[in-house]
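>>> next comes the sequence, and after it the predicted model I'd like to discuss.
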Amino acid sequence: MLNKFGLWKKPANSSTLRDKIEEIKESPIPEHVAIIMDGNGRWAKKRALPRIAGHHEGMKVVRKTTMLANKLGIKSLTLYAFSTENWKRPKNEVEYIMKLPEEFLGTFLPELIENNVQVKMMGYKDQLPSHTLHAIERAVEETKNNTGLVLNFALNYGSRAEILDAVKQIIKDNKNGILKETELNEEVFSSYLMSSDFSDPDLLIRTSGEIRLSNFMLWQLAYSEFWFTDVLWPDFNEEYFLEAIEAYQKRQRRFGGILS
Ligand code: IPE
Ligand code: IPE
Ligand code: MG
């Protein structure tokens, strides 16, 4: 783009975004951001497209969001991609969603590697189709030594089942003498959850106007800051993400105490 003096000028958008990123990086950045990526179906419906078109579009937003999170220096990004309840959906929709990890990683894995992103997954692996699981396990393996952002897919994840399984394992470990009742505390309990490698999310974002958790990280979100938007996931972009981070930076986290 040429400015009025005929000199080369970067399009306003990208430089404004860059400035904004630099500005935001001057204040504390949330270490762990979790996102409930909702609204793909409604996005497609609004355009008279099949629901799966919304899921496909949503995948592109996953890429942009990941790259920005990495640039901002966020340590972990957990994305709710499929819940233990989402199996209730029509077979063709579920089958399509289960193909997305292969497509996503098939296209973006080199870029993730180049950007030092580490891929992880939390959720029940047993019910996943083998092609889905292989794609993820390959990405996990190929990125395991990366030290940048951890991109954690919550796939076939459900928080109530996760908590129940933790309780069952704790009972077993107690019976076997591995864990004494007196040793069980919040930190130890957290270590039995699928999120044991992660700190609790500092910020939770949910798109699409729904104000609920839909069985997502019930234990881990106890003291997280929540940010909701009506924007549908395929329409979510860098500006909205930065808006959420800015809102987070303005919050006062008290954890039950008082500010001196
Ligand atoms: C979120 O979008 C993606 C998944 C749950 C897999 P939805 O598919 O829930 O979209 P809406 O809520 O029907 O619009
Ligand atoms: C939550 O969205 C799950 C994911 C985004 C993966 P849903 O669309 O399944 O949630 P509900 O049914 O509206 O609560
Ligand atoms: Mg939904």
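Yes, it's here. Residues are numbered from 1 along each chain as shown. Ligands and ions are numbered 1, 2, ... in the order given.
>>> could you pick out the longest helix of the chain?
Taking DSSP state H as the criterion, the chain has its longest helix at helix 91-114.
>>> can I assume Phe82 sits in a helix?
No. Assignment of Phe82 by DSSP: H, G, I helix; E, B strand; the rest coil gives strand, placing it outside any helix.
>>> check which helix or strand covers the nearest residue to it once chain neighbours are set aside.
Excluding the flanking residues, the one nearest Phe82 by CB to CB, 6 or more residues apart in numbering is Leu155, at 5.0 Å. In short, each C-beta sits where N, CA and C put it, glycine included. Leu155 belongs to strand 150-157 when assigned by DSSP states H and E.
>>> please apply the same query to Met59.
helix 51-72.
>>> so Ser83 sits right up against Ser159, yeah?
No. Using CB atoms under 8 Å, Ser83 makes no contact with Ser159, being 9.0 Å away.
>>> now for the two: what residues contact both?
Residues touching both Ser83 and Ser159 (CB atoms under 8 Å, 6 or more residues apart in numbering): Asn215, Phe216.
>>> so the two - more neighbours on which side?
Neighbour totals were compared for Ser83 and Ser159, and Ser159 leads with 22 against 19 (other CB atoms under 10 Å).
>>> how about that one, what does it touch?
Leu213, Asn215, Phe216, Met217, Leu218, Trp219.
>>> could you rerun that using 6 Å?
Ser159 makes contact with Asn215, Phe216, Met217, Leu218 under the criterion CB atoms under 6 Å, 6 or more residues apart in numbering.
>>> now a PyMOL select for only the buried ones of those residues.
The buried residues among those can be selected in PyMOL (16 or more other CB atoms under 10 Å) with this line:
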select buried, resi 215+216+217
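>>> restrict the contacts of Ser159 to contacts with ligand 1.
Near ligand 1, judged by CB under 6 Å from any ligand atom, there are no entries from the contacts of Ser159.
>>> and which of the contacts of Ser159 is nearest ligand 2?
Phe216 (6.8 Å; CB to the nearest ligand atom).
>>> for the nearest residue to the closest one once chain neighbours are set aside, give the beta-bridge partners.
Residue nearest to Phe216 in three dimensions, not counting chain neighbours: Tyr80, with 5.3 Å by CB to CB, 6+ apart. On the basis of DSSP bridges, Tyr80 is bridged to Ile36, Ala154.
>>> circling back: is whatever helix or strand comes next after the strand holding Leu155 positioned near ligand 2?
Next in sequence after strand 150-157, counting helices and strands by DSSP H and E, comes helix 159-175. No. Judged by CB under 6 Å from any ligand atom, helix 159-175 stays clear of ligand 2, getting no closer than 11.0 Å.
>>> which strands or helices does the next helix or strand after helix 159-175 pack on?
Counting by DSSP H and E, the next helix or strand C-terminal to helix 159-175 is helix 186-191. Packed against helix 186-191, as judged by 3 or more CB pairs under 6 Å, 6 or more residues apart in numbering; DSSP states H and E, are no other helices or strands.
>>> need the CA coordinates for helix 186-191. CSV is fine.
Output of helix 186-191 as CSV, limited to C-alpha atoms (Å, rounded to 0.1, in the frame of the first residue of the first chain):
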residue,chain,number,x,y,z
GLU,A,186,-6.1,-30.1,46.5
GLU,A,187,-2.7,-30.4,44.9
VAL,A,188,-2.6,-34.2,45.1
PHE,A,189,-6.2,-34.4,43.8
SER,A,190,-5.3,-32.2,40.8
SER,A,191,-2.4,-34.6,40.0
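>>> direction included, what does the helix or strand just after it pair against?
Later in the chain than helix 186-191, the nearest helix or strand by DSSP H and E is strand 203-206. In the sheet, strand 203-206 lines up against strand 32-36 (parallel), strand 225-228 (parallel) (DSSP bridges).
>>> just the contacts of Ser159: which are in strands?
Assigned to strands by DSSP state E, none of the contacts of Ser159 qualify.
>>> which pair in the contacts of Ser159 spans the largest distance?
Asn215 and Met217 (8.8 Å; CB to CB).
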